[in-house]
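# Using only what follows, build the 3D model:
(chains A, B, C and D)
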2 protein chains.
Amino acid sequence: MAVTLRDVAQRAGVSAMTVSRVVNGNSRVDAETQRRVEEAMLGLDYIPNRLARSLVSQQTKTIGLIVPDVVNPFFAPVMRGAESTARKAGYRVLLCNSEGDLRLEREFIDDLVAHRAEGLLLAPASDHSRLALLRLLKGGFPLVLLDRALPDTDCDLVVSDNVAGARRLTEHLIGIGHRRIAHFTESDDVSTGRDRLEGYRQALEAAGIPISEDLIFRTTSDRIGGYRAAQMMLGLDPLPTAIFTVNNMTALGTMQALRERGLSVPEEIGLVCFDDVEHLAILSPFLTVIDQPGETFGSLGAQLLFERISGKAGNRSRRIILQADLIVRQSCCVNSGVPKRAI
Amino acid sequence: MAVTLRDVAQRAGVSAMTVSRVVNGNSRVDAETQRRVEEAMLGLDYIPNRLARSLVSQQTKTIGLIVPDVVNPFFAPVMRGAESTARKAGYRVLLCNSEGDLRLEREFIDDLVAHRAEGLLLAPASDHSRLALLRLLKGGFPLVLLDRALPDTDCDLVVSDNVAGARRLTEHLIGIGHRRIAHFTESDDVSTGRDRLEGYRQALEAAGIPISEDLIFRTTSDRIGGYRAAQMMLGLDPLPTAIFTVNNMTALGTMQALRERGLSVPEEIGLVCFDDVEHLAILSPFLTVIDQPGETFGSLGAQLLFERISGKAGNRSRRIILQADLIVRQSCCVNSGVPKRAI
DNA sequence: TTGTAAGCGTTATCAC
DNA sequence: GTGATAACGCTTACAA
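Next up is the predicted model:
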């Protein structure tokens, strides 16, 4: 595994430059020479060293993609979209799983920069991710934020219209008769959480329903968070007739707590959330959700990034806001009206 | 973003070597010199170029991990285990999603080699993956196979005892009264599929139940595959009283088809499979499964790989076979015996 | 403790 | 069409 250009050159009886030319296939090389070189390459199992190539060419043809959770089905299409777009542009994607951990995220960012990735697609863990980006931002490093915005951060961005989505979801609940709607939101330092809470508030306000802070539960956006919030909520009397959770994992935890308490969805309490739960939706298609266009997040993000990398992007940052779809299923009794208890 | 060692050296008024020493922190440097260098590094936002470092040091401190599906919950703990073990050893992991596609897998392998990854953890797409590995195998490239074995391939390996697991799963079904058990297996070129089929056969044989080829359905190991196989199976008369699917995704597709047909699990038909379905298990804990120790796959695999990389491994290849757990839930009427129809 | 020289494997540049 | 030479940014080996 230590065959170099020179080894090939020697065996083919030519100079290193000629081998390089054959490898890259752009300059003209005599047909017979080329044949000899190719034979030598095959015979020696030569594999070009990209480190060396990148060092001199000053381009690694590599971008990074950091997501908070590779296993979350929401990010699957995002990754796929980014990968395929990058591949078409001749780039590879370094996939990093930050697990929503700021320290880990920062390590990945630094590592990516140290390895001279040419750009970064980042679905940040929280507002605090900004700190790790300061250097990149200052240096004009090609960066596109995915899914979540960062405060006071002027850079390319692909997000959903979370306010509108949350409003629609809440309006949907109101439209079928719900008045007492709980909202499980995440900590205040994540833009999607803030925006969804805002949409929830707007919908209630527009419907003339007073906003009760008792119905808003702050938690983490994972399954445990949903479970805990639901347990807190179950202490309320009377119970809400419906719950709107900030995302899919939170909804799962909520389901779990409700099940344990013997409350059935949607018969006894409605449940809606952001992001679909892929496999669950197939098995028991009952959860009404806002479904975000994951693949578009990825491919559009990559596209913006490549424009940035190639310098075609200009100075102003682009902010792309995608519309998400409301998928109405049965989790809030759209057919029969509000849960029985509410009638 | 083009600050080099020399720039720092110049600003600090020292030689490049001194800066290198400070960066790496092993050799002794005068306290005052060190301070000056560190100040210069900070002032210039210096980030060492790892490409250059790797080129000269001949080690990238990088390994590759290729899995067929990053979103499959089975691989989540595998990735986590590998990552954390690698991190402790000072290595980073390049995570690649082959999507079970041989072409993609080969591209990732070649790319990893070209970038001089020092080793590879591979959960191969199928027996045909062997082709892409021939060169590595020949060159003694550090390689550890995960989850699936490859025929005629002598290299380090971490797998489950799939035969035993499948036998236990089938014996469990037999033990609670099932006689007519269908098996959904994947194409014959995947070792896990073959082994699980073998375990299924052994259990039936041991119980004196004749093996009916009509009850064995070959399909793909994804959700669609399960769906299709179930549809085929639904043409049988009489229906089997239980189904054993080759993995979790196949079980999901099967569930979907059964639901559409109005057959409920486990009341009307039993269902068991390999690999848990993380979120589903929490929501409706009914699927009886063989649960493989994913995290151990990852961490043990990484450990073997590092021994190989550091030359501590010797010539013989190690084959580690882990035992998997049978998790009995309700998907085959363990409490009440066989489904009603079977009585 | 610090510096100098050489070279890692490749490509850019300019000769021939 | 082909080759020599000098980088790319860093570290190893040795010298001071």
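# List, one by one, the residues from chain A near DNA strand C.
Counting by C-beta under 7 Å from any atom of the strand, chain A comes close to DNA strand C at A:2, A:4-6, A:16-17, A:20, A:23-24, A:48-49, A:52-53, A:55-57. For the C-beta atoms, the positions are set from N, CA and C on the backbone; glycine is no exception.
# how about 10 Å then?
Residues of chain A lying close to DNA strand C (C-beta under 10 Å from any atom of the strand) are A:1-9, A:15-24, A:26-27, A:46-59.
# Would you mind listing which of the residues you listed are buried?
A:3, A:5, A:7-9, A:18-23, A:46, A:48-55 (16 or more other C-beta atoms under 10 Å in any protein chain shown).
# so which of those residues also contact chain B?
Among those, the residues lying close to chain B (C-beta under 8 Å from any C-beta of the partner chain) are A:P48, A:N49, A:R50, A:L51, A:A52, A:S54, A:L55.
# now, which of the residues you listed lie within helices?
Among those, DSSP state H puts A:R50, A:L51, A:A52, A:S54, A:L55 in helices.
# Which pLDDT does the model give the nearest residue to A:I290 once chain neighbours are set aside?
Closest residue to A:I290 apart from its sequence neighbours, by C-beta to C-beta, 6 or more residues apart in numbering or on different chains: A:G165 at 4.2 Å. Reading off the confidence values, A:G165 has pLDDT 97.
# who does the helix or strand hosting A:G165 touch, helix- and strand-wise?
A:G165 belongs to helix A:162-175 when assigned by DSSP states H and E. With contacts taken as 3 or more C-beta pairs under 8 Å, 6 or more residues apart in numbering or on different chains; DSSP states H and E, helix A:162-175 sits against strand A:181-186, helix A:191-206, strand A:242-245, strand A:270-274, strand A:288-291, strand A:325-327.
# and the first one, how far out from the chain's middle?
Same thing as strand A:181-186. Centroid separation for strand A:181-186 versus its chain: 21 Å, with C-alpha atoms, centre = their mean, to the nearest Å.
# can you check the shortest one too?
In terms of C-alpha atoms, centre = their mean, the centre of strand A:325-327 is set 18 Å apart from its chain centre.
# what do you get for stretch A:89-102?
From the chain centre to the centre of stretch A:89-102 is a distance of 10 Å (C-alpha atoms, centre = their mean).
# Can you tell me what sits against it?
A:61-70, A:79, A:82-83, A:86, A:104-105, A:108, A:112, A:115, A:117-118, A:125-126, A:128-129, A:132, A:222, A:302, A:306, B:70, B:79, B:83, B:94-97, B:111 (C-beta atoms under 8 Å, 6 or more residues apart in numbering or on different chains).
# Please apply the same query to stretch A:107-115.
A:60, A:62, A:64, A:66, A:94, A:96, A:98, A:120, A:122, A:132-133, A:135-136, A:141, B:1, B:47-51, B:92.
# same question, stretch A:9-22
Stretch A:9-22 has contacts (C-beta under 8 Å, 6+ apart) with A:5-6, A:8, A:27, A:29, A:33-34, A:36-41, A:43-44.
# of those, closest to DNA strand C?
Nearest to DNA strand C among the contacts of stretch A:9-22, counting by C-beta to the nearest atom of the strand, is A:L5 at 3.0 Å.
# List the backbone torsions phi and psi for that closest one.
Main-chain torsions, A:L5, degrees, to the nearest 10: phi -50, psi -40.
# Out of the contacts of stretch A:9-22, which one has the weakest pLDDT?
Per-residue pLDDT puts A:S27 lowest of these, at 84.
# what about the closest residue to it other than its chain neighbours, which SS state?
Distance criterion C-beta to C-beta, 6+ apart; nearest residue to A:S27, sequence neighbours excluded, is A:R21 at 4.6 Å. In three-state terms, and counting by DSSP: H, G, I helix; E, B strand; the rest coil, A:R21 is helix.
# Repeat that for A:T254.
Applying three-state DSSP: A:T254 is helix.
# What is the neighbour count of the residue of the stretch 101-250 of chain A found nearest chain B?
The minimum distance from the stretch 101-250 of chain A to chain B, using C-beta to the nearest C-beta, falls at A:A114 (4.6 Å). Number of residues near A:A114 (other C-beta atoms under 10 Å in any protein chain shown) recorded here: 14.
# Which residues are in contact with A:R167?
Taking C-beta under 8 Å, 6+ apart, one finds A:G199, A:Y200, A:Q202, A:A203, A:A206 in contact with A:R167.
# switch to 7 Å and redo it
A:R167 sits next to A:G199, A:Q202, A:A203 when contact means C-beta atoms under 7 Å, 6 or more residues apart in numbering or on different chains.
# contacts with DNA strand D among the contacts of stretch A:107-115, please.
B:M1, B:I47, B:P48, B:N49, B:R50, B:L51.
# Please read off the pLDDT at the third one from the model.
As summarised for this prediction, B:P48 has a pLDDT of 96.
# The one 10 residues further on now?
B:Q58 is assigned a pLDDT of 95 by the prediction.
# same deal with the one 4 residues further on?
pLDDT recorded at B:T62 is 98.
# check contacts around it.
B:Y91, B:R92, B:L94, B:A117, B:E118.
# now it, which residues is it bridged with?
Beta-bridge partners for B:T62, by DSSP bridges, are B:R92.
# Quick check: residues of the stretch 151-300 of chain A near chain B?
Residues of the stretch 151-300 of chain A that fall close to chain B, judged by C-beta under 7 Å from any C-beta of the partner chain: A:L252, A:M255, A:Q256, A:V277, A:H279, A:L280, A:I282, A:L283.
# Please name every helix or strand in contact with the helix or strand hosting the fifth one.
Assignment of secondary structure by DSSP H and E places A:H279 within helix A:278-283. Of the remaining helices and strands, those touching helix A:278-283 by 3 or more C-beta pairs under 7 Å, 6 or more residues apart in numbering or on different chains; DSSP states H and E are helix B:248-260, helix B:278-283.
# Give me whichever of these is most buried.
Across the helices and strands packed on helix A:278-283, averaging neighbours per residue (mean count of other C-beta atoms under 10 Å in any protein chain shown) puts helix B:248-260 on top, at a mean of 24.
# quick revisit: narrow the contacts of stretch A:89-102 to those that are buried.
A:61-70, A:79, A:82-83, A:86, A:104-105, A:108, A:112, A:115, A:117-118, A:125-126, A:129, A:132, A:222, A:302, A:306, B:70, B:79, B:83, B:94-97, B:111.
# In strands, which of these fall?
Of the buried ones among the contacts of stretch A:89-102, the ones assigned to strands by DSSP state E are A:T62, A:I63, A:G64, A:L65, A:I66, A:V67, B:L94, B:L95, B:C96, B:N97.
# For the last one, list each beta-bridge partner.
What it means is B:N97. Counting by DSSP bridges, B:N97 is bridged to B:V67.
# Show me which parts of stretch A:231-238 are buried, residue by residue.
Judged by neighbour count using 16+ other C-beta under 10 Å, the buried positions of stretch A:231-238 are A:Q231, A:M233.
# Output that stretch in CSV with nothing but the alpha carbons.
Only the C-alpha atoms of stretch A:231-238 are listed here, as CSV (Å, rounded to 0.1, in the frame of the first residue of the first chain):
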residue,chain,number,x,y,z
GLN,A,231,-46.0,13.2,32.7
MET,A,232,-46.1,16.8,33.9
MET,A,233,-49.1,17.5,31.7
LEU,A,234,-50.9,14.6,33.1
GLY,A,235,-51.0,16.4,36.5
LEU,A,236,-53.4,19.0,35.0
ASP,A,237,-57.0,19.1,35.8
PRO,A,238,-58.8,19.2,33.5
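# how far away is A:R180 from DNA strand C?
66 Å (C-beta to the nearest atom of the strand, to the nearest Å).
# got the contact list for the closest residue in space to that residue that isn't next to it in sequence?
Distance criterion C-beta to C-beta, 6+ apart; nearest residue to A:R180, sequence neighbours excluded, is A:P240 at 4.6 Å. Neighbouring residues of A:P240 by C-beta under 7 Å, 6+ apart: A:R180, A:I181, A:A182, A:L215, A:M233.
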